[in-house]
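>>> Compute the structure for the input listed below.
(4 chains)
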Number of protein chains: 2
Amino acid sequence: MTAKLAIDLDRSSPVPLYFQVAEQISEAIRSGDLPPGSRLDNEIMLADRLGLSRPTIRQAIQYLVDKGLLVRKRGVGTQVVHGQVKRSVELTSLYDDLRRAGQEPVTRVLALEAVPAQEEVAAVLGLEPGAEVLRMERIRYAAGEPLALLHNWLPAGLAPLTAENLSERGLYELLRSAGVRMRVANQRIGARAATAVEARLLDERRGAPLLTMVRTAYDDQGRAVEHGSHIYRASHYSLEVTLIER
Amino acid sequence: MTAKLAIDLDRSSPVPLYFQVAEQISEAIRSGDLPPGSRLDNEIMLADRLGLSRPTIRQAIQYLVDKGLLVRKRGVGTQVVHGQVKRSVELTSLYDDLRRAGQEPVTRVLALEAVPAQEEVAAVLGLEPGAEVLRMERIRYAAGEPLALLHNWLPAGLAPLTAENLSERGLYELLRSAGVRMRVANQRIGARAATAVEARLLDERRGAPLLTMVRTAYDDQGRAVEHGSHIYRASHYSLEVTLIER
DNA sequence: GTGGCACGTTTGTCATGACATTCTGATGTC
DNA sequence: GACATCAGAATGTCATGACAAACGTGCCAC
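So this is what the prediction gives:
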């Protein structure tokens, strides 16, 4: 059952060796070369065959175990997990998700303005009340239908955001390309009935069930970089989360 | 700014050294001895002071970085994150969550029976259609009010489950104590309006917004161990999720 | 005064070696 | 034939050593 998979290493590349190994194992799993349940060679043999040390191999395998692709068992070996794993653990925005699903999301910017932070917003962003924040309100469409009403607050001066580039790209994508490195996000997910205003904007009936999500994202340093309060049409959208226990 | 924290090691303990270190740093953060933003000693010094090697220290720190408690920066050092981090990444059940929140959840078992698996259930559990599965239906109360309607399917023979122990303990707790080690779970979260039957059971009005969650949990080996389809009263409950990007 | 460059500090990556722990399967005994 | 015991195999943990890369700071030149 041990699979012999070919792994090319480029020692001159700036990409770490353990990452090169992890990527190629991951690709072999995705392509079916390593079917679910198949066992990898043991770490010593792998290290030997690739001309690497065992810690490097272990780091590569650990990386994939953390992502839920592999399972280790002492005394047994390392196997590809049986169940198919949806990989949506990452910090993505609705825009990214839709793009990946092959949709072509469209965004209409309803509001984009610098305002003094209200008390509640200032608190979650860790700013002084009254500090300047960027408030935005957007509607996201997919397949020609309204999907979500997005409301965001950001500390001022974080990234150059205009109605134009917000129409064409997702907020997270823009933040990332402005050098903002998001690391942790808290999300609270709930549901409620649509108000008359929301119903009109989202082409639903008043009282229709909506999915609500309040999210605050933090960067490297633990500084809040984004706070959002979003509502989704429950009839058209659901959230997917994958949990991995270490 | 470097904090001198006292760490006791017990080399005779079966608890790994890196874990002992991680636990005590974690405790120092929780207790406030290491306030947000404070810097840890560098890895070499820490290793030296504790009489450990650098890889061991790194492993301890990495463990806490993965949990979102610490932040490393090359050329700078390791710091405690600024933002408060809710730690609900773990694989828990509603019952656990309520208990931790100081509530006293009550469960009423509506159904508990062995049935042949229908096609859809068999598919997600990775069983043959018609294989025997345990079907259960429960209502969960908190503070005297109905909170959720829980519907589960499990492969037969996984754990000795009776209406009695299900009334007194959570499903995940029972599974864990039966030796089932859950590792990965996929959750799909949505919302919809209550049907008349659901409304009656949950003490809501017909059409009231409900939060829906469909979850499949897998064990060590990637085998499905539980499939659930639950509905929550949106007026009384919301889900919290924390994402950490590596 | 300001910009660029060099330097020290700290984490990131990788190699080698050793022993402990745990699971599986085979062997042997009752 | 069934159960207990033992050996092999694999991952888990830990130590030591070395070099690379990135970040911040201070110095120096213009």
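>>> Mind telling me what element the residue nearest to A:Glu226 when sequence neighbours are not counted is part of?
When the adjacent residues along the chain are set aside, A:Glu226 lies closest to A:Ala217, with 4.5 Å between them (CB to CB, 6 or more residues apart in numbering or on different chains). The C-beta positions use only the backbone N, C-alpha and C, and glycine is treated the same way. Assigned by DSSP states H and E, A:Ala217 falls within strand A:209-219.
>>> chain center to that strand: distance?
Remark: strand A:209-219 is offset 13 Å from the chain centroid, using CA atoms, centre = their mean, to the nearest Å.
>>> pLDDT score assigned to the residue of chain A most remote from its centre?
Here chain A reaches farthest from its C-alpha mean at A:Asp48, the gap being 35.5 Å by CA atoms, centre = their mean. A:Asp48 carries a pLDDT value of 85.
>>> how would you label it: helix, strand or coil?
Following DSSP: H, G, I helix; E, B strand; the rest coil, the label given to A:Asp48 is helix.
>>> Same question for A:Arg58.
helix.
>>> from memory it sits against A:Glu43, does it?
Yes - using CB atoms under 8 Å, A:Arg58 makes contact with A:Glu43 at a distance of 6.0 Å.
>>> Now tell me what touches the helix or strand containing A:Arg30 from outside.
Per DSSP H and E, A:Arg30 falls inside helix A:17-31. Applying CB atoms under 8 Å, 6 or more residues apart in numbering or on different chains, the external contacts of helix A:17-31 come out as A:3, A:5, A:7-11, A:13, A:34, A:40, A:50, A:52, A:56-57, A:59-61, A:63-64, A:67, A:69-70, A:80.
>>> Could you do stretch A:193-212 as well?
A:139, A:145-149, A:189-192, A:229-235, A:237-239, B:189-193, B:207-211, B:234, B:238.
>>> What about the residues you listed, which are in strands?
Counted as lying in strands by DSSP state E, out of the contacts of stretch A:193-212, are A:139, A:145-149, A:189-192, A:229-233, A:239, B:189-193, B:209-211.
>>> Which stretches in chain A count as helices?
Under the criterion DSSP state H, helices of chain A are mapped to A:17-31, A:43-50, A:54-66, A:94-100, A:119-125, A:163-168, A:171-177, A:196-202.
>>> Compare the mean pLDDT across these and name the weakest.
helix A:94-100 (a mean of 70).
>>> Remind me what it packs against, helices and strands.
With contacts taken as 3 or more CB pairs under 8 Å, 6 or more residues apart in numbering or on different chains; DSSP states H and E, helix A:94-100 sits against strand A:132-142, strand A:145-155, helix A:171-177.
>>> Look up the closest residue to A:Pro35, ignoring the ones flanking it.
Nearest non-adjacent residue to A:Pro35 (CB to CB, 6+ apart): A:Val80, at 6.9 Å.
>>> Where does pLDDT dip in chain A?
Across chain A, the ranges flagged by pLDDT under 70 are A:1-5, A:83-93, A:96, A:100, A:102, A:220-222, A:244-246.
>>> Which single residue of it ends up nearest DNA strand D?
Residue of chain A nearest DNA strand D, by CB to the nearest atom of the strand: A:Asn42 (3.1 Å).
>>> Kindly tell me how buried that residue is, as a neighbour count.
Counted with other CB atoms under 10 Å in any protein chain shown, the neighbours of A:Asn42 add up to 15.
>>> contacting residues for A:Ala142?
So A:Ala142 contacts A:Leu98, A:Gln103, A:Glu104, A:Pro105, A:Val106, A:His236 (CB under 8 Å, 6+ apart).
>>> Let's see if you can find the most crowded of these.
That'd be A:Leu98 among those, by other CB under 10 Å, with 22 neighbours.
>>> got the domain boundaries for chain A?
Following automatic domain parsing, one gets these domains for chain A: A:17-80, A:94-233.
>>> Could you export these as TSV, including distance to DNA strand C?
Output for the domains of chain A, formatted as TSV (distance: least, CB to the nearest atom of the strand, whole Å):
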stretch	distance to DNA strand C
domain A:17-80	3
domain A:94-233	11
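>>> which of the contacts of A:Ala142 sit farthest apart?
A:Glu104 and A:His236 (15.1 Å; CB to CB).
>>> hmm, back to that, just give the closest residue to the residue of chain A closest to DNA strand D, not the sequence neighbours.
Nearest to A:Asn42 is A:Gly77, by CB to CB, 6+ apart, at 5.9 Å.
>>> ok now do the one you found, which residues does it touch?
A:Arg39, A:Leu40, A:Asn42.
>>> now swap in A:Pro116 and tell me
A:Pro116 sits in contact with A:Pro129, A:Gly130, A:Ala131, A:Glu132, A:Val133, where contact means CB under 8 Å, 6+ apart.
>>> So what sits opposite it in the bridge?
Per DSSP bridges, the residues bridged to A:Pro116 are A:Glu132.
>>> how near is it to A:Asp203?
33 Å (CB to CB, to the nearest Å).
>>> how many other residues sit next to the residue nearest to A:Arg169 when sequence neighbours are not counted?
Using CB to CB, 6+ apart and skipping the chain neighbours, the partner closest in space to A:Arg169 is A:Tyr95 (7.3 Å). Residues near A:Tyr95, counting by other CB under 10 Å, number 22.
>>> my read: A:Tyr95 touches A:Leu166, true?
No - counting by CB under 8 Å, A:Tyr95 does not reach A:Leu166; the two are 9.9 Å apart.
>>> any residues in contact with both of those two?
Common contact partners of A:Tyr95 and A:Leu166 (CB under 8 Å, 6+ apart): A:Thr107.
>>> Next to DNA strand D in this structure, residues from chain A, please.
A:14, A:40, A:42-44, A:54-55, A:58, A:72-78 (CB under 7 Å from any atom of the strand).
>>> Just flag the most distant two among those.
Distance extremes for the residues of chain A next to DNA strand D: the farthest pair is A:Pro14 and A:Gly75 at 36.8 Å, using CB to CB.
>>> Out of the domains of chain A, flag the one nearest B:Ala178.
domain A:17-80 (19.0 Å).
>>> Between the two ends of the closest one, what distance do you get?
Criterion CA to CA, to the nearest Å; first-to-last residue distance in domain A:17-80 is 21 Å.
>>> any idea how far that domain is from the chain center?
Centre to centre, stretch against its chain (CA atoms, centre = their mean), the figure for domain A:17-80 is 24 Å.
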